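Chemist: Here is a sequence with its predicted model. Questions after.
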Number of protein chains: 2
Amino acid sequence: MGEKRKPSGFLLKQRAFLKLYLITMTEKKRLYGLKILDELREEFRPFGYRPNHSELYKALHDLIKEGILRQVKRKKEGTEFQEVVYYQFVDYEKAKKYKRQLKAELDRSKAIIEKALKDNY
Amino acid sequence: MGEKRKPSGFLLKQRAFLKLYLITMTEKKRLYGLKILDELREEFRPFGYRPNHSELYKALHDLIKEGILRQVKRKKEGTEFQEVVYYQFVDYEKAKKYKRQLKAELDRSKAIIEKALKDNY
DNA sequence: TTATGAACACCATGTTCATTT
DNA sequence: AAATGAACATGGTGTTCATAA
C-alpha cells in the first residue's frame, strides 16, 4: 500500500540542489528555463557539473506543484514573438522555509564529505 | 549497442564512497561485511547517514570484480563454527589508484557544496 | 540469530521525442 | 534554431527473500 522507502541519508539529491538555486535565482533576477540552465552550466563548468535541461524543468515543476513558484508567460526581452516562461513567487515564506531546510542538508552533506577526507587521507 | 550514459557530474555516488571506506578499512584492520556495516553506521549516525547491508555488499563485490580485493573465508574470532568473509588486497597499487581518484571526487563534491552555500546564503 | 548474497522494486536522473515559436 | 515539456530508458539504491552456520 502506501509504503514509502526511507532514504539512507547520504548526500543531498541533484533535484533538491537545483530547486535551491531556482529559488535564489528567482529572488535575484527574471530568468526563464533554458537561460537558467545556461547560467548554471557556466557557473559549474569548472566543477565538472553539467545539469541537463530535463532535470532543470522537473525541479521547476516541483516548485510549482509545491506552491512556491508560478509561471508567467512573457515575450522574451528584445524579441517580438518568442514567448518564454518566467517565474515568480506564490508563497515566499514557503520558499524561505525550503531554503532553510536545504541549508541543513548542505551542511550535513559537507560534513560527511569532510569526514571522508579526514578518515581516508 | 554499447551506448553509455554520461553522468551529469553532480556529487559522488554512495557506492564509490563506500568503496573508498572499504579500502581504507582493509588497510587498517581485518573486518568482515556486517562488522564493517556496524562500524560505518556508528560513525555516521551523527550525520544522519545509515547505509544498508545490500549496498555495502555490492561495494565489496565491485572491488572484487575490479581485482582490488579478494575474499578470505575464516572462522570468526572467538567462535568455533561461524565462518565469515574477510578481505585482503589482491592489487594494492590499484587500490591506491582508486583512492587517488576518489580524493579528486571528494574535493570536487566539497567544492560544489561550498559554492552552493556561498551562492544561496 | 548473524552473515552473506541475490532478486526484486522503486526512485533519481539521463536521453529522446513532440510541439511551438 | 531556441524553448518547453513529456515519454521513455537506465542506473542507483533500498527492501525483501533465500540460504547457511
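Modeler: Cool, the structure landed.
Chemist: The residue of chain A found nearest DNA strand D: what's it in contact with?
Modeler: Nearest residue of chain A to DNA strand D (C-beta to the nearest atom of the strand) works out as residue A:33 at 2.7 Å. C-beta coordinates here come from the backbone N, C-alpha and C atoms, glycine included. Going by C-beta atoms under 8 Å, 6 or more residues apart in numbering or on different chains, residue A:33 touches A:53, A:56-57, A:60, A:84-85.
Chemist: Per-residue pLDDT of it, please?
Modeler: In this model, residue A:33 is scored at 82, pLDDT.
Chemist: for residue A:1, same thing?
Modeler: Taking residue A:1 on its own, its pLDDT is 43.
Chemist: same question, residue A:73
Modeler: For residue A:73, the model assigns a pLDDT of 86.
Chemist: cool, and residue A:50?
Modeler: pLDDT at residue A:50 comes out at 96.
Chemist: Assign it to helix, strand or coil.
Modeler: With DSSP: H, G, I helix; E, B strand; the rest coil as the basis, residue A:50 sits in coil.
Chemist: my read is residue A:26 is in a helix, agree?
Modeler: Yes - under three-state DSSP, residue A:26 falls within a helix.
Chemist: Can you tell me which helices and strands the lengthiest helix in chain A packs against?
Modeler: Longest helix of chain A, by residue count under DSSP state H: helix A:92-120. Using 3 or more C-beta pairs under 8 Å, 6 or more residues apart in numbering or on different chains; DSSP states H and E, the elements in contact with helix A:92-120 are helix A:14-28, helix B:14-28, helix B:33-44, helix B:92-120.
Chemist: So what's the gap between the last one and the chain middle?
Modeler: Its chain's C-alpha centre and that of helix B:92-120 lie 14 Å apart, by C-alpha atoms, centre = their mean, to the nearest Å.
Chemist: Could you list the buried residues of that helix?
Modeler: B:94-95, B:98-99, B:102, B:105-106, B:108-113, B:116, B:120 (16 or more other C-beta atoms under 10 Å in any protein chain shown).
Chemist: what does whichever strand or helix holds residue A:62 contact?
Modeler: Applying DSSP states H and E as the criterion places residue A:62 in helix A:53-65. Contact partners of helix A:53-65, identified using C-beta under 8 Å, 6+ apart, comprise A:14-15, A:18-19, A:22-23, A:33-34, A:36-37, A:40, A:69-71, A:87, B:8.
Chemist: can you rerun that using 10 Å?
Modeler: Helix A:53-65 is contacted from outside by A:14-23, A:26, A:32-34, A:36-37, A:40-41, A:51-52, A:68-71, A:85, A:87, A:89-90, A:94-95, A:98, B:8, B:10, using C-beta atoms under 10 Å, 6 or more residues apart in numbering or on different chains.
Chemist: Thank you, goodbye.
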